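Chemist: only geometry, no sequence info:
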Ligand code: ATR
């Protein structure tokens, strides 16, 4: 029986075992997915333990996504650029790291829109780790215009400087972004503002009109509809919550591990039921 899991601290509340174990069962794959509570001081030991135990693959979550990188044998190009690994696969004893968070976000948006993202004029709100993964993944997907707005302008500027791929990007303050908010086809909210338990939080109040065809996506999934998404909906935009990013990062990890595509609708149902 193959062994999979997720390393994090804390880890109790992870929904990953629910969705992966269900997919293994449905697809008759003889495997189990476990929670591994790994404290920072034991991360290297845990990675070596995974090698020794021939664990087939694992996810990596907070606070280990960057710190794990030196302990792996090989890291995919996009994960290196993002500077974070959330998925590790064991190929003949070699542990190879990937990042499926950013690509999972992109896949979720693509499935929602059903059209290529290449021409979407995009605004990312926030310039932290989540923004970085989404930004580089969107650029890699071929999106050519992506502005970044952030509470601390310097952080937006420095994120743009670090992008290893070709893209037209401007760093904006929230005020500057609001002035041109009607120009964007895709707006992605990546800050923690509005996340449970501080559900009244917002990166900024949306003023002015949005395009009616604009898609506003918030990577938060608890609550399912943030204040920011409520405001975007009131302005007539389409909205999208963070469940897809979670589901598709898992689906892409599952594909890396097994070479097979899980039923993402089923994964989404499990997450929604658990949250509800
Ligand atoms: P993550 O890995 O989840 O992205 P992070 O790397 O700590 O977390 O990044 C947090 C991001 O959310 C940053 O862009 C931060 O803005 P600053 O660079 O100005 O710190 C943003 N952020 C956090 N709380 C916020 C709030 N209440 N309003 C606006 N932006 C916020």
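Modeler: Structure's in. What do you need? Since the model is a prediction, treat every value here as computed from it, not as a measurement. Numbers count the residues shown, from 1 in each chain.

Chemist: so who does residue 8 touch?
Modeler: 14, 36, 37, 38, 60, 61, 62, 63, 64 (C-beta atoms under 8 Å, 6 or more residues apart in numbering). Glycine gets a C-beta too; all of them are placed from N, C-alpha and C.

Chemist: Report the buried members of the residues you listed.
Modeler: Using 16 or more other C-beta atoms under 10 Å as the burial test, these include 14, 36, 38, 60, 61, 64 as buried.

Chemist: Hmm, the fifth one is touching residue 85, no?
Modeler: No. In this structure, residue 61 sits apart from residue 85 without contact. The criterion is C-beta atoms under 8 Å, and the distance is 10.5 Å.

Chemist: Now flag whichever of the contacts of residue 8 is closest to the ligand.
Modeler: When those are compared for distance to the ligand (C-beta to the nearest ligand atom), residue 62 wins out at 8.2 Å.

Chemist: The residue lying closest to that closest one once chain neighbours are set aside and residue 2, how far apart?
Modeler: The spatially closest residue to residue 62, leaving aside those adjacent along the chain, is residue 8, at 5.8 Å (C-beta to C-beta, 6 or more residues apart in numbering). Counting by C-beta to C-beta, to the nearest Å, the gap from residue 8 to residue 2 is 20 Å.

Chemist: show me what contacts the closest residue to the ligand within the chain?
Modeler: Closest residue of the chain to the ligand, C-beta to the nearest ligand atom: residue 128 (1.8 Å). Residues near residue 128 by C-beta under 8 Å, 6+ apart: 155, 190, 191.

Chemist: Please apply the same query to residue 215.
Modeler: Residues in contact with residue 215, defined by C-beta under 8 Å, 6+ apart, are 109, 112, 113, 185, 186, 187, 237, 238, 239, 240.

Chemist: How about residue 60?
Modeler: 6, 7, 8, 68, 85, 86, 87, 88, 97.

Chemist: again, only this time at 10 Å
Modeler: 6-8, 36, 38, 43, 46-47, 66-69, 72, 84-88, 97-99 (C-beta atoms under 10 Å, 6 or more residues apart in numbering).

Chemist: any residues touching stretch 193-200, and which ones?
Modeler: Here stretch 193-200 has contacts from 125-126, 151, 192, 201-204, 218-223, 225-230, 242, 275, using C-beta under 10 Å, 6+ apart.

Chemist: Report the buried members of these.
Modeler: 125-126, 201, 203-204, 218-221, 223, 225-229, 242.

Chemist: Would you mind listing the two of those that lie farthest apart?
Modeler: Within the buried ones among the contacts of stretch 193-200, two members stand farthest from each other by C-beta to C-beta: 204 and 221, at 20.6 Å.

Chemist: related to what we said a few turns ago, mind listing which of the contacts of residue 60 are in strands?
Modeler: Counting by DSSP state E, the contacts of residue 60 place 6, 7, 8, 36, 87, 88, 97, 98 in strands.

Chemist: Is the second one in contact with residue 50, as I believe?
Modeler: Yes. In this structure, residue 7 is within contact of residue 50 by C-beta atoms under 10 Å, at 8.1 Å.

Chemist: Common neighbours of those two, please.
Modeler: Common neighbours of residue 7 and residue 50 (C-beta under 10 Å, 6+ apart) are 36, 38, 58, 88.

Chemist: related to what we said a few turns ago, now flag whichever of the contacts of residue 215 is closest to residue 249.
Modeler: residue 109 (12.9 Å).

Chemist: From residue 242, how far out is that closest one?
Modeler: Distance from residue 109 to residue 242, by C-beta to C-beta: 12 Å.

Chemist: cool, and residue 131?
Modeler: Distance from residue 131 to residue 242, by C-beta to C-beta: 13 Å.

Chemist: who touches both of these two?
Modeler: With C-beta under 10 Å, 6+ apart as the test, residue 131 and residue 242 both reach 189, 190, 219.

Chemist: check contacts around the second one.
Modeler: Residues touching residue 190, when contacts are defined by C-beta under 10 Å, 6+ apart, comprise 105, 124-135, 148, 150, 203, 217-220, 242, 245.
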